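S.K.: My questions concern the predicted model and sequence given below.
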Amino acid sequence: MFKRDTTMKNIKLMKSLTALAVLSAISTSAYAANLDNTEVKYGGYVKLDSMWTDYSDASSDGSVYDGLGRDFYVPSTTPVGDGTNSPDAVFDMHARQSRFNFATLTKLDSGKTIKTKIELDFIVSPGGNERVSNSYAPRIRQAFVTYDGWLFGQAWSNFQNVSALPETLDFVGPAEGTIFVRQPQIRYTTGGLSFSVENPESTVTVNGARMETDDASLPDFNVKYTHKTDWGHIAVAGLVRQLTYKTASYDADESAYGISVSGRLNMGKNNFKFMLNQGAGLGRYVGLNVAHGGVLTDDNNIDTIDSTSGFAAYQHHWSDQFRSTLMYSFIDIDNDPDLLNLTGNPTKSSMSYSANLLYSPEKKLTFGIELKHAQREVENGVDGDMNRLQFSAKYAF
């Protein structure tokens, strides 16, 4: 009896010590732990954004614009008008960009590895009001597994070059000029070449309104080649997809395509990043969907909307602690004048430029200030602009 009690106590003690060891390993400064043959890591950052924004025009109801574009720059939300009802500037503050990621790496007996990653943030999600709680629900950013060159799950689109995005305080930065999409996909990568089939979705203008449709019979296909050297890298990507609009009265589809060239040029400690995109029916892939993929015509067809977009950004390191990024971004949309009665008054062009100063007193702690100016013009020639001064404090862990 005594031996059995002693044995049970020893088992409980060993379990407790094992649990404590795991918790201790996870809480170390390396943010990693080894569990058998699996390495576990977690990371992310906490970020506070404070923004003072001045719009040249009010919303359609005469009030100050109040929507997603108040949290970060969204080109399609810049109000346009004749300037007679210019509203007062507004101030916003939030910590919704803060994020968390959890990753694993498992070494297999075959010598290969399996990796997983799950990432969450709070930037585009419902939640509490600003009167009391400001509590926002977490949303999934990425969730994928990789094995032997294959990726399965939700990740940045293979059509996008995340490495070309400049360092800005704004959540996206060159919003109208960059490919910016995360979605479920199956991707294969070998060397600098990658192929992907991804979740399809269409945005089509129907009677002047945007309709989101999910009726495609095929996934979106894209291919990208990235050439890396000591001076930086350059990536060329192509996209082919199907636009659809199907209801009891309509059965329309049309092919769409696009090409993107992007890269980074190293200049000592400094760098120059760029992207140029062109296509017919790019729609949601570029400019945060400032242009739709196509227009439903009177003869039950979809007319694709052409667009050209891009950005250029130069980052200069003043010292080990101070750095700045100067950026210009644009999109030009070729709306068919013969279809304007079907499209209402869509965006014709949008552009923005910004400059910032970032200060990192410690390696992972950054304070920054950024000035952004943006302009949007709709098809009938009416335009509007936005000026924003933003302050951010960010700690990465």
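M.R.: Structure received.
S.K.: in a helix, that's where R284 is, yeah?
M.R.: Yes. Judged by DSSP: H, G, I helix; E, B strand; the rest coil, R284 forms part of a helix.
S.K.: Would you check that it makes contact with E201?
M.R.: Yes. Using CB atoms under 8 Å, R284 makes contact with E201 at a distance of 6.5 Å. Heads up, the C-betas are built off the backbone N, CA and C, glycines and all.
S.K.: Not counting sequence-adjacent ones, nearest residue to G281?
M.R.: A256 (2.6 Å; CB to CB, 6 or more residues apart in numbering).
S.K.: for I140, same thing?
M.R.: L120 (6.3 Å).
S.K.: Check L389 too.
M.R.: Per CB to CB, 6+ apart, closest to L389 is W52, 4.6 Å.
S.K.: and that neighbour, what element?
M.R.: strand 38-55 (DSSP states H and E).
S.K.: next one: that strand to chain centre, how far?
M.R.: Its chain's C-alpha centre and that of strand 38-55 lie 13 Å apart, by CA atoms, centre = their mean, to the nearest Å.
S.K.: Show the secondary-structure elements that that strand is packed against.
M.R.: strand 32-35, strand 90-94, strand 99-107, strand 383-396 (3 or more CB pairs under 8 Å, 6 or more residues apart in numbering; DSSP states H and E).
S.K.: rewinding a little: from what I see, the residue nearest to I140 and A137 are in contact.
M.R.: No. Counting by CB under 8 Å, L120 does not reach A137; the two are 9.8 Å apart.
S.K.: Looking at those two now, which is surrounded by more residues?
M.R.: Counted by other CB atoms under 10 Å, L120 and A137 do not tie: L120 has more neighbours, with 18 against 10.
S.K.: okay, the helices and strands packed on strand 38-55, which one's buried deepest?
M.R.: Most buried of these, by mean neighbour count (mean count of other CB atoms under 10 Å): strand 383-396, with a mean of 18.
S.K.: between that one and strand 38-55, how big is the angle?
M.R.: If you take axes from the mean of the first three to the mean of the last three CA atoms, to 10 degrees, strand 383-396 sits at 150 degrees to strand 38-55.
S.K.: Which strands and helices lie in contact with strand 383-396?
M.R.: Where contact means 3+ CB pairs under 8 Å, 6+ apart, strand 383-396 is packed against strand 38-55, strand 365-378.
S.K.: still on that earlier bit, ok, the residue nearest to I140 to Y136 distance?
M.R.: Taking CB to CB, to the nearest Å as the measure, L120 falls 11 Å from Y136.
S.K.: What of R70?
M.R.: Applying CB to CB, the value for R70 to Y136 is 14 Å.
S.K.: and if you look at L282?
M.R.: Using CB to CB, one gets 30 Å for the distance from L282 to Y136.
S.K.: Name the surrounding residues that touch stretch 279-289.
M.R.: Applying CB atoms under 8 Å, 6 or more residues apart in numbering, the external contacts of stretch 279-289 come out as 74-76, 157, 159, 172, 175-181, 201-203, 239, 241, 243, 254-259, 277, 291-294, 304-307, 309, 331, 350.
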